[in-house]
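*Asks:* Sequence plus predicted model, see below.
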Amino acid sequence: MNLILLEDDDFVERERRVVLRGRRFRHVVEVHRAAIGRELNVGHLGGRMGHGTVSRLAGNEIEMEVALYRDPPPALPITLVVALPRPKVLARLLSAVTAMGVKRIAFVNSWRVEKSYWKSPRLAPERLRDALLLGLEQGCDTVVPDISFERFLKPFCDERLPAIARGTLPIVAHPEARRACPRGINGPVTIAIGPEGGFIAEEIALFEAAGFEPVTLGERILTVEAAVPALLGRIS
């Protein structure tokens, strides 16, 4: 936990004093070895960042005096459109891209996505929120990404995707593409990434109709968990 996230309910005095319990209390005590007077990095969820000074340790709670004086880091100007991965990969992927600064993610269906994935309890809002908060804590950020789940790919590509990609460089990862994925793009990008093995030809055609250009990372077939950070690193 590189940043201790503070929520509205933590404040006992507006923007000045908080009390933490539960997971964050245990982390501060056991990992940070917090003591009275210790300063820790804090951020108000959805707001500013700064430091908190431990003022009281008692039982199962810790009190801090906080000062919030700086904005969170700028967002990565990349929108992700990702085929829904295996449920056990989803949380790790969300945490990773959140830590990297991605602020808009759409998970979509694909012919290679198993139907059972959409019924997984790991898609429950509270499970997703936990993964997002872990990513914010890791990346020292306070702004939660906007996430959507698009069960029907064709209507999404026809009706919503063009507006999402407008004003960006739209590319879709495809193992059979001729063009190599560009590097170091200076500007906003929308990246579509399929499941392992990529989107099928009919799905690539949907993305092309929405203005996306197929690009490749090379001959190797990567998992979504590997392809997403590889693409983000290459592009940004």
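*Replies:* Perfect, I can see it now.

*Asks:* So which residues of this structure form strands?
*Replies:* 4-6, 11-13, 17-20, 39-44, 49-58, 61-70, 76-83, 102-108, 146-150, 169-173, 189-193, 213-215 (DSSP state E).

*Asks:* so where is the chain shaky, pLDDT-wise?
*Replies:* Residues of the chain meeting the criterion pLDDT under 70: none.

*Asks:* and the nearest residue to residue 84 once chain neighbours are set aside, what does it touch?
*Replies:* Computed as CB to CB, 6 or more residues apart in numbering, the closest residue to residue 84 that is not its neighbour in sequence is residue 107, at 4.6 Å. Backbone N, C-alpha and C define where each C-beta goes, glycine included. Counting by CB atoms under 8 Å, 6 or more residues apart in numbering, residue 107 makes contact with 82, 83, 84, 90, 147, 148, 149, 150.

*Asks:* Distance to residue 234 added to the strands of the chain, as TSV?
*Replies:* Shown next, in TSV, are the strands of the chain (distance: least, CB to CB, whole Å):
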stretch	distance to residue 234
strand 4-6	30
strand 11-13	41
strand 17-20	39
strand 39-44	29
strand 49-58	29
strand 61-70	30
strand 76-83	11
strand 102-108	14
strand 146-150	23
strand 169-173	11
strand 189-193	10
strand 213-215	10
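
*Asks:* any idea which of the contacts of residue 107 is closest to residue 131?
*Replies:* residue 90 (7.4 Å; CB to CB).

*Asks:* What is the burial count for the closest one?
*Replies:* Neighbour count for residue 90, taken as other CB atoms under 10 Å: 22.

*Asks:* what sits against the closest residue in space to residue 202 that isn't next to it in sequence?
*Replies:* Counting by CB to CB, 6+ apart, residue 111 is the residue found nearest to residue 202 once chain neighbours are left out, at 7.7 Å. Counting by CB under 8 Å, 6+ apart, residue 111 touches 199, 200, 202, 203.

*Asks:* Which members of those residues are classed as buried?
*Replies:* With burial judged by 16 or more other CB atoms under 10 Å, the buried subset of the contacts of residue 111 is 199, 203.

*Asks:* Nearest to residue 218 among the contacts of residue 111?
*Replies:* Among the contacts of residue 111, residue 199 lies closest to residue 218 (CB to CB), at 17.0 Å.

*Asks:* Buried residues of stretch 13-25, list them for me.
*Replies:* For stretch 13-25, by 16+ other CB under 10 Å, it's 17, 18, 19, 20, 24, 25.

*Asks:* For those residues, give me TSV that also has distance to residue 156.
*Replies:* Output for these, formatted as TSV (distance: CB to CB, whole Å):
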residue	distance to residue 156
17	45
18	40
19	43
20	40
24	37
25	42
